[in-house]
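1. need a 3D model of the following:
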Amino acid sequence: MNKSKKYDFDAIVVGSGMSGGYAAKEFCEKGYKTLVLDRGKPLTHRQYKTEGMPPWDMEFRGKVHQDQLDEEQSIQQKCWVLSDFTKHHFINDKENPYEQDQPFDWIRSSHVGGKSLLWARQCYRWSDLDFTANAKDGHGVDWPIRYKDIEPWYDNIEEFVGIAGSYENIPHLPDSKFLPPIELNVVEREIIKKLKKSHPDRHMIPSRTAHLTEPKQVHLELGRGQCQARNECQRGCSFGGYYSSISGSLPAAERTGNMTLTPNAQVQEVLYDEVSGKASGVRYVDTVTKKSITVTSKVVFMCASTLGTLQILMNSTSKTYPKGIGNTSGVLGHYIMDHNGGSSASGNVPGHLESYYKGRRQDSIYVARFRNVKEQDTDFLRGYGYQGWSVRSNWSWNLHKTGVGEAFKNDLKMPGGWHFGLGAIGEMLPTFENQVSLHSTKKDQWGMPLLVTNVTYGENTRKMKEDMMNSAVEMLKAAGLTDVKGRNTPETPGIVVHEMGGACMGKDPKTSYLNKWNQSHEVSNLFVTDGASFSSGSCVNPSLTFMAFTARAVDYADKQLKSGLL
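-> Reported below is the predicted structural model:
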């Protein structure tokens with residue numbers, strides 16, 4: 001690249017969510033003038049439309065008019081957090097279409113901050129059980145890194161984000177740098193105790209979550225405060241009690257004076273310079289004015305969420321790269337993954353009627369993977385974990401109960417019994433045939449070719465889901481629960497909202513898109529650090545690893561820029 005050339009910015013970051021927000025923070029704190037482009041509408045921390053609103057102030061008491069959902073948010077309504085309190089944080093499907101050769105539920109945010117406003121906040125480190133999986137069983141592309149490569153970057157981000165959890169010393173679920181864990185209730189403590197006796201190889205622990213149970217100076221400096229246990233997180237949290245890019249990384253970037261944040265900016269392509277062989281910037285469309293705008297930079301970081309990033313990269317064509325920038329290998333868009341869910345069990349917990357709790361906890365317990373850990377011990381590959389919950393029934397459980405008089409009304413005032421459940425999240429194998437592409441003729445209202453999804457769960461997932469349900473039933477019965485029921489509900493890929501793959505990391509440019517630094521094999525100043533860069537999916541939530549990869553990649557890009565190599 002011509003060193004004498006003047007650029008609009010040092011770095012362009014596409015996306016402002018989990019990965020993009022962190023890229024902005026890291027670049028800005030290192031002194032780089034950074035442009036952050038986000039397709040979403042503008043949103044300011046502490047200006048959350050429905051935060052703290054009681055249900056009686058909502059037209060439908062938090063419910064959503066079904067006809068409106070079917071018309072405008074037919075896909076988004078499948079997400080478990082969508083309600084009248086949160087629907088404005090989800091994209092309008094009618095205005096933002098895509099094509100499904102095979103069903104895929106593409107859940108998308110409508111605002112700056114991306115899905116960091118909507119996530120479930122569960123944070124777990126990956127281990128070498130994950131990073132070596134592809135090499136061991138031959139599915140997907142072998143990761144070019146191992147746990148030791150990413151471990152210091154987990155350390156780096158966890159103190160900034162704030163992760164509540166407990167030290168457990170589980171080799172395949174490494175401990176983080178923790179704030180105090182969210183307190184377990186009496187039922188959870190009892191079930192953990194019983195499970196240790198019945199299944200000593202299965203670790204049930206407090207959930208590891210991005211909530212400030214004990215804020216540190218780094219959090220207080222950004223105006224973040226302790227989690228208030230309201231469990232209204234997806235509405236927005238003025239306290240900054242849970243981590244989002246809106247409350248954390250973007251304010252950190254903004255205070256440096258080096259960030260320019262542009263909302264309503266649909267990036268359509270990364271521009272390629274045929275002379276230098278590098279990316280020269282991006283072209284985006286203002287979604288309000290529909291004006292096309294070109295901006296230049298020394299380095300481009302793609303953090304637009306997995307499918308959003310792939311859509312842009314595949315649309316970035318040139319004489320050198322007719323199939324998408326940096327895509328000589330043809331691997332771009334392949335190996336799409338999501339976690340598989342829909343398998344669970346729940347039951348009633350006898351006793352403890354003298355015990356209750358206060359507040360509305362945002363998380364509960366986690367069961368670490370126990371299948372195929374030390375050796376292959378099932379007829380399916382990889383494994384799964386459980387996220388669990390416990391509650392006491394309240395008056396709302398009696399909404400359809402019949403009765404009249406004083407006794408009936410008094411009964412409604414009293415809590416019912418305890419209920420406990422486990423929901424599984426399993427790993428989906430990376431398969432070349434699972435892919436996304438661009439439609440040859442159809443475009444959206446801003447001229448962007450529509451994304452086409454062709455992703456399915458395979459036989460391995462079917463076998464895993466059956467075991468996920470059966471194992472949950474087995475554990476709950478062993479813990480003494482009654483009326484235990486298992487469920488194995490078919491689900492569509494995408495609905496777990498952990499989409500990964502499509503621009504996978506690898507050692508060989510012929511079979512992968514990125515190197516071990518999340519850097520394009522072929523276009524050296526182009527980086528991808530969101531879920532698109534993943535070569536496998538693990539069975540634990542990916543957001544913590546998104547941010548760790550991002551911090552690591554920015555550090556590498558910084559060194560390359562200073563040495564004149566980018």
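2. can you tell me how far the closest residue to Tyr457 other than its chain neighbours is from Leu35?
-> Residue nearest to Tyr457 in three dimensions, not counting chain neighbours: Asn340, with 5.8 Å by CB to CB, 6 or more residues apart in numbering. For every residue, glycine as well, the C-beta is placed using N, CA and C. Asn340 sits 37 Å away from Leu35, going by CB to CB, to the nearest Å.
3. name the helices or strands packed onto the strand or helix carrying Leu35?
-> Secondary structure assignment for Leu35, by DSSP states H and E: strand 34-37. Strand 34-37 sits against strand 9-14, helix 18-29, helix 249-254, strand 259-262, strand 292-302, with contacts defined as 3 or more CB pairs under 8 Å, 6 or more residues apart in numbering; DSSP states H and E.
4. please save the CA atoms from it in CSV.
-> What follows is strand 34-37, C-alpha atoms only, in CSV (Å, rounded to 0.1, in the frame of the first residue of the first chain):
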residue,chain,number,x,y,z
THR,A,34,-11.3,4.7,13.9
LEU,A,35,-14.6,4.7,12.0
VAL,A,36,-17.3,2.4,13.3
LEU,A,37,-20.1,1.7,10.8
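5. off-centre distance for it?
-> 21 Å (CA atoms, centre = their mean, to the nearest Å).
6. partner strands of that strand, parallel or antiparallel?
-> As defined by DSSP bridges, the strand partners of strand 34-37 come to strand 9-14 (parallel), strand 259-262 (parallel).
7. rounded mean pLDDT for that strand, please.
-> Averaged across strand 34-37, the pLDDT comes to 98.
8. quick one: contacts of that strand?
-> For strand 34-37, the surrounding residues in contact (CB atoms under 8 Å, 6 or more residues apart in numbering) are 8-16, 20, 24, 27-28, 250, 253, 258-262, 265, 267, 282, 284, 295, 297.
9. residues near Ser512, how many?
-> The burial count assigned to Ser512 is 24, neighbours taken as other CB atoms under 10 Å.
10. ok, and the closest non-adjacent residue to it?
-> Gly506 (2.5 Å).
11. ok so, going back, just name the most buried of the helices and strands packed on strand 34-37.
-> helix 18-29 (a mean of 30; mean count of other CB atoms under 10 Å).
12. may I have that one as PDB, with CA atoms only?
-> Only the C-alpha atoms of helix 18-29 are listed here, as PDB (Å, rounded to 0.1, in the frame of the first residue of the first chain):
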ATOM      1  CA  MET A  18     -19.700  -7.800  20.700                       C
ATOM      2  CA  SER A  19     -16.800  -7.900  18.400                       C
ATOM      3  CA  GLY A  20     -17.000  -4.500  16.700                       C
ATOM      4  CA  GLY A  21     -17.400  -2.600  19.900                       C
ATOM      5  CA  TYR A  22     -14.300  -4.300  21.300                       C
ATOM      6  CA  ALA A  23     -12.300  -3.700  18.100                       C
ATOM      7  CA  ALA A  24     -13.200   0.000  18.300                       C
ATOM      8  CA  LYS A  25     -12.100   0.200  22.000                       C
ATOM      9  CA  GLU A  26      -8.800  -1.500  21.200                       C
ATOM     10  CA  PHE A  27      -7.900   0.600  18.200                       C
ATOM     11  CA  CYS A  28      -9.000   3.900  19.800                       C
ATOM     12  CA  GLU A  29      -7.100   3.200  23.000                       C
END
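13. hmm, back to that, isn't the residue nearest to Ser512 right up against Phe534?
-> No: in this structure, Gly506 is not within contact of Phe534 by CB atoms under 8 Å, at 11.1 Å.
14. of those two, which one has the most company?
-> Phe534 (30 against 22).
15. spatially nearest residue to the more buried one, not counting backbone neighbours?
-> The shortest distance from Phe534 to any non-neighbouring residue, by CB to CB, 6+ apart, is to Met500 (3.9 Å).
16. residues contacting the one you found?
-> Counting by CB under 8 Å, 6+ apart, Met500 touches 306, 336-338, 531-532, 534, 537, 542.
17. mind putting the residues you listed into JSON lines with secondary structure?
-> Below are these laid out as JSON lines (DSSP: H, G, I helix; E, B strand; the rest coil):
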{"residue": "Thr306", "secondary structure": "helix"}
{"residue": "Ile336", "secondary structure": "strand"}
{"residue": "Met337", "secondary structure": "strand"}
{"residue": "Asp338", "secondary structure": "coil"}
{"residue": "Gly531", "secondary structure": "helix"}
{"residue": "Ala532", "secondary structure": "helix"}
{"residue": "Phe534", "secondary structure": "coil"}
{"residue": "Gly537", "secondary structure": "coil"}
{"residue": "Pro542", "secondary structure": "coil"}
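18. quick check, Leu179 in contact with Arg208.
-> No: Leu179 lies out of contact with Arg208 (CB under 8 Å); the separation is 10.1 Å.
19. quick check: neighbours shared by these two?
-> 163-165.
20. which of these lies closest to Val455?
-> Using CB to CB, Ile163 comes nearest to Val455 of the shared contacts of Leu179 and Arg208, at 30.4 Å.
21. ok, now how distant is the closest one from Gly223?
-> For Ile163, the distance to Gly223 - CB to CB - is 19 Å.
22. higher neighbour count, the two?
-> Just comparing Ile163 and Gly223: by other CB under 10 Å the higher neighbour count belongs to Ile163, 28 against 13.
23. pLDDT at the nearest residue to Ala24 once chain neighbours are set aside, what is it?
-> Sequence neighbours aside, Ala253 is the residue nearest to Ala24 in space, at 4.1 Å (criterion: CB to CB, 6+ apart). Per-residue pLDDT puts Ala253 at 98.
24. quick check, Ala253 in contact with Lys30.
-> No: judged on CB under 8 Å, Ala253 makes no contact with Lys30 at a distance of 10.7 Å.
25. if we can go back for a sec, could I have whichever helix or strand comes after the strand holding Leu35 exported to PDB, CA atoms only?
-> Per DSSP H and E, the first helix or strand lying C-terminal to strand 34-37 is helix 66-72. Output in PDB follows, covering the C-alpha atoms of helix 66-72 (Å, rounded to 0.1, in the frame of the first residue of the first chain):
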ATOM      1  CA  GLN A  66     -49.700 -11.500  16.800                       C
ATOM      2  CA  ASP A  67     -50.900 -10.000  13.400                       C
ATOM      3  CA  GLN A  68     -48.200  -7.300  13.700                       C
ATOM      4  CA  LEU A  69     -45.500  -9.900  14.500                       C
ATOM      5  CA  ASP A  70     -46.600 -12.100  11.600                       C
ATOM      6  CA  GLU A  71     -46.400  -9.100   9.200                       C
ATOM      7  CA  GLU A  72     -43.200  -7.400  10.400                       C
END
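26. buried sites along helix 66-72?
-> By 16 or more other CB atoms under 10 Å, the buried positions in helix 66-72 come out as 69, 72.
27. show residues contacting it.
-> So helix 66-72 is contacted by 76-77, 87, 92-95 (CB under 8 Å, 6+ apart).
28. and stretch 544-559, by the same measure?
-> When contacts are defined by CB under 8 Å, 6+ apart, stretch 544-559 is touched by residues 11, 18-19, 22-23, 26-27, 30, 32, 123-126, 149-150, 153-154, 156-158, 161, 163, 176, 299, 301, 303, 517-519, 525, 527, 529-531, 533-534, 538, 566.
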